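Colleague: give me a 3D structure for the following:
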Amino acid sequence: MEDIYVLGVDIGGSHIACQLVNLSDCSLIENTYAEVKVAENQSAGIILAAWEKALKECMGKAAGKTIRGIGVAMPSPFDFVQGIAMADHKFASLKGLNIRQELSRVTGILPSSILFTNDAAAFGMGAWRLNGSRDRHLIGVTLGTGFGACFIVDGCYATYGPGVPIGGELWNYPFRGVIAEDYVSTRWFEKRFAELTGETVQGVKGMIDLYQAGKYKTETEQVFREFSNSFGEIMVPFMTRFNADMLVIGGGMVLSEQYFLPLISQYMKANGINASIMTVADTTTAIIAGAAALCDLI
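Modeller: Next up is the predicted model:
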């Protein structure tokens, strides 16, 4: 099979990461990874300069290989078809800017060969490919400051169909009078831990640091138990209707998986879910692989 090289790009709220990917076997090419830190609240000029630096560094490491296209994972909201920034909060300084044209300008890649998807969808598509492309129905979720989700059918991102929520996203799914993200993101951990202990912590790590120091062990275990039950309650109906073969969990919270993964597995089994559950600690690699896979469409 002919080698086809493309760039996979992960753009998040604090960085851009990119790497050369061989589409023929979904392999990430060693020593081509480039990453530049840049906060999403910076000016448009600073953000675009950081993106240009990372992309040119990555292309410079490609050793003369022909790059056929670029697949880019971006946070929502974003016009993924037209390539235009839409967010008022993340990357607010870029709102209305044609990102496809900007990336074409700095890389020399034709605009028609630059494709976009949301970061959760790229994570799911990448996890499917890196896991051997065995599962017909895979649900991928990312847990951290937000709650990303995607529904993958035979490697393709689904936005409608049996068991698929509107738009293929779960963060805004109505849950207990609010939305799902309010119960499964780090802000919920901070809020619930403060309610139980009176202590203010920053993120899940702050809570675990106290736990490992021998403080608030009962309260911390309760927080993880409540989280796991909430996550399970959200996911079980979709896992059932979607007939999921695999649930893949990524995001920053995976670093703490020993505190919640067994509880989630117990909840799933108790509610008749027999799908496999796995975590992906290297979320960025999965996102890059999934973003690159968009270029199969070129």
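Colleague: so where do the helices sit in the chain?
Modeller: Secondary structure of the chain by DSSP state H: the helices cover 44-60, 99-107, 119-130, 181-184, 186-197, 203-212, 217-242, 261-270, 283-293.
Colleague: P165: which of these is closest?
Modeller: When those are compared by Cβ to Cβ, helix 217-242 sits nearest P165, at 6.9 Å. Glycine gets a C-beta too; all of them are placed from N, C-alpha and C.
Colleague: what packs against the closest one?
Modeller: The criterion is 3 or more Cβ pairs under 8 Å, 6 or more residues apart in numbering; DSSP states H and E, and the helices and strands that helix 217-242 contacts are strand 137-143, strand 174-175, helix 181-184, helix 186-197, helix 203-212, helix 261-270.
Colleague: tell me the strands beside the first one, with direction?
Modeller: When pairing is defined by DSSP bridges, strand 137-143 lines up against strand 147-153 (antiparallel), strand 246-250 (parallel).
Colleague: indicate which one of those is closest to N172.
Modeller: Smallest distance to N172 across the strands paired with strand 137-143 (Cβ to Cβ): 9.0 Å, for strand 147-153.
Colleague: quick check: mean pLDDT of the closest one?
Modeller: Across strand 147-153, pLDDT averages out at 93.
Colleague: contacting residues for the closest residue to E226 other than its chain neighbours?
Modeller: When the adjacent residues along the chain are set aside, E226 lies closest to R192, with 6.7 Å between them (Cβ to Cβ, 6 or more residues apart in numbering). In this structure, R192 makes contact with V223, E226, F227, judged by Cβ atoms under 8 Å, 6 or more residues apart in numbering.
Colleague: okay, those in TSV with neighbour count, pLDDT and distance to D154 next?
Modeller: Written out in TSV, the entries for the contacts of R192 read as follows (neighbours: other Cβ atoms under 10 Å; pLDDT from 0 to 100; distance: Cβ to Cβ, whole Å):
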residue	neighbour count	pLDDT	distance to D154
V223	25	98	37
E226	16	98	35
F227	23	98	31
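Colleague: can you tell me the closest non-neighbouring residue to I4?
Modeller: Distances taken as Cβ to Cβ, 6+ apart put L23 closest to I4, at 4.3 Å, once the chain neighbours are dropped.
Colleague: same question, Q101
Modeller: Spatial nearest neighbour of Q101, chain neighbours left out: P111 (6.2 Å); criterion: Cβ to Cβ, 6+ apart.
Colleague: and if you look at P165?
Modeller: Distances taken as Cβ to Cβ, 6+ apart place Y173 nearest to P165, at 5.9 Å, with adjacent residues excluded.
Colleague: number of nearby residues for the one you found?
Modeller: A total of 16 residues lie near Y173 under the criterion other Cβ atoms under 10 Å.
Colleague: surely it touches Y183?
Modeller: No - distance between Y173 and Y183: 10.2 Å, which falls outside the contact criterion (Cβ atoms under 8 Å).
Colleague: quickly list what's touching both of the two.
Modeller: Shared contacts of Y173 and Y183, counting by Cβ under 8 Å, 6+ apart, come down to I234.
Colleague: would you mind listing the buried residues in stretch 239-256?
Modeller: Under the neighbour-count criterion of 16 or more other Cβ atoms under 10 Å, stretch 239-256 has 239, 242, 244-254, 256 buried.
Colleague: for those residues, which one is nearest G214?
Modeller: The shortest approach to G214 among the buried residues of stretch 239-256 belongs to S256, at 17.4 Å (Cβ to Cβ).
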